[in-house]
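Undergrad: Return a 3D structure for these sequence lines:
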Amino acid sequence: MTDQSPAYHYSVIARALGVIDAAGPGLSLEDLARQINMSPHHFQRTFSQWVGVSPKRYQQYLALGHARHMLSAQTPVLQTALATGLSGTGRLHDMFVTWEGMSPGDYARGGAGLTIFWGWFDSPFGPALVMATERGLCGIGFAAESGIDHTFADLLSRWPKATYLEDPGQIRPLADAAFGNDPTQIHLIGAPFQIKVWEALLNIPTGHVTTYGTLAAAIGHQNASRAVGTAVGRNPIAFLIPCHRVLRKSGQLGGYHWGLPVKRAMLAWESARSEAGAEAGADAAPHAQ
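TA: Numbers count the residues shown, from 1 in each chain. Predicted coordinates for the structure are as follows:
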């Protein structure tokens, strides 16, 4: 793993999260870098390569107050997206994604007769296990917190009767698209209720969040927050189907299947990149004469 790889960048960020949590918002760049055993210049450069904003600005995105602000200001986005008919295919959560689901009968057979290709790849959030069928991506798991063996066993348990073939070359284009915000195809393998929840998750744009209750209401099951939460937790295609954008009603981040530090990093990374992109667009726009 080189000091230019996404996994290296995330390993630095993950270490910094613990230091930031322990020290609070008053931590200076120099103190933070020293505790990470890096020079301030190298640490600043790593942050810029990973997310495009300064460590100080990133600390603001990690704060609970930021999550609460996002929640209060942007929860209605999900209902708006669903009301406009965005579902199934099209431009969902700023990424071109087309998907098709497995039939209930096929799902009940545990993936029997299905061939799933898999491989490990670098990602902005550490080592990622990517799985795909001939129809598209069916699984993404992150090992930075849960470990490689656990992550592999977790995804294999989703479809225990499938045939698994290690073939990174076969699925590299899909993995590159998933982490590069490019058009891609996904194959949702789950029960009908789960797929309905995952489809709704696809409508939450980058930089926005929602709650479990709002998600339940959006799919017509306003009294099923707990069942929705279970379906969110069983989402097999992490990051691409953005279950990390669902928070508790209080604004607390709640849990995350692949580790809460990964969820926090994803939300902060998306918010920071959205702002960096908006600022770049504003700078590039012609000024009024």
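Undergrad: Flag every buried residue along the helix or strand hosting Ala231.
TA: Following DSSP states H and E, one finds Ala231 within helix 225-233. Within helix 225-233, the residues that count as buried by 16 or more other CB atoms under 10 Å are Ser225, Val228, Gly229, Ala231, Val232. Where you see a C-beta, it was placed from the backbone N, CA and C, and this is true even at glycine.
Undergrad: what does stretch 28-46 give?
TA: Leu29, Leu32, Ala33, Gln35, Ile36, Met38, Pro40, Phe43, Gln44, Thr46.
Undergrad: what's next to the host helix or strand of the third one, contact-wise?
TA: I take that to be Ala33. For Ala33, the enclosing helix or strand under DSSP H and E is helix 29-35. Residues outside helix 29-35 that contact it (CB atoms under 8 Å, 6 or more residues apart in numbering): Ala16, Val19, Ile20, Ala23, Ser39, Pro40, His42, Phe43, Gln44, Ser54, Pro55, Lys56.
Undergrad: now, which of these lie within helices?
TA: Ala16, Val19, Ile20, Ala23, Pro40, His42, Phe43, Gln44, Pro55, Lys56 (DSSP state H).
Undergrad: re earlier: what's the closest of the buried residues of helix 225-233 to Ile148?
TA: Val232 (23.8 Å; CB to CB).
Undergrad: tell me the contacts of that closest one?
TA: Taking CB under 8 Å, 6+ apart, one finds Val197, Leu201, Tyr212, Leu215, Cys243, Val246 in contact with Val232.
Undergrad: so what's Gly259 closest to, chain neighbours aside?
TA: Leaving out its chain neighbours, the residue that sits closest to Gly259 by CB to CB, 6 or more residues apart in numbering is Glu145, at 2.7 Å.
Undergrad: isn't there a strand covering Ala132?
TA: Yes: assessed with DSSP: H, G, I helix; E, B strand; the rest coil, Ala132 lies in a strand.
Undergrad: Look up how far Trp120 lies from the residue nearest to it when sequence neighbours are not counted.
TA: Among residues not flanking Ala132 along the chain, Ile171 sits closest, at 4.4 Å (CB to CB, 6+ apart). Shown here: Ile171 relative to Trp120, a distance of 11 Å by CB to CB, to the nearest Å.
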